[in-house]
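>>> Give me a 3D structure for the following:
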Amino acid sequence: MKKFYLFILTSGFSFLLNNILNLYFVEILHADTKLSAAITYFLLFFLNFFIFKNFIFVKKNGSDKKLDIYDYIKLNLILRLLEYLSFLTLLKVFNLYFLILVNLVSIIFTLLKYFYLRRMTLN
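Numbers count the residues shown, from 1 in each chain. Alright, predicted model coming up:
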């Protein structure tokens, strides 16, 4: 359970950063919402890997499973692509304010990511 709470805490930070960056890109720089979402997903990918590898999914003594960059890339390419496509689909279908959709999709995929990462690094 400790890993889950740490994951939620760091994901909350990522979530906040995601909102701040999207607001900055769209409202201040007047970037396209689709481009803004793509840029923030890309930036958060690297930040999250660093945090997850070094603070949450840490290899325990005697365990051969650890968070590998290649596995993380594969998982994230799939999940981030699905997350982005979900965002685009919901944006088109519901035409809601983009941050509502970014947040909704982020919450769902954050939980999915935790369970997959936990399974990949189960000690």
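>>> In contact with Leu79, which residues?
Taking C-beta atoms under 8 Å, 6 or more residues apart in numbering, we find Leu79 in contact with Phe109, Leu112, Lys113, Tyr116. C-beta: built from backbone N, CA, C; applies to glycine.
>>> Helix, strand or coil: sort out the closest residue to the third one other than its chain neighbours for me.
Distances taken as C-beta to C-beta, 6 or more residues apart in numbering put Leu79 closest to Lys113, at 5.7 Å, once the chain neighbours are dropped. Judged by DSSP: H, G, I helix; E, B strand; the rest coil, the three-state class of Leu79 is helix.
>>> Asn37 against Ser86, yeah?
For the record, residue 37 is Ala, not Asn. No. When contacts are counted by C-beta atoms under 8 Å, Ala37 is not listed as touching Ser86 (10.7 Å).
>>> Which one of the two is surrounded by more residues?
Legend: neighbour count by other C-beta atoms under 10 Å for Ala37 and Ser86, higher for Ala37 (27 against 16).
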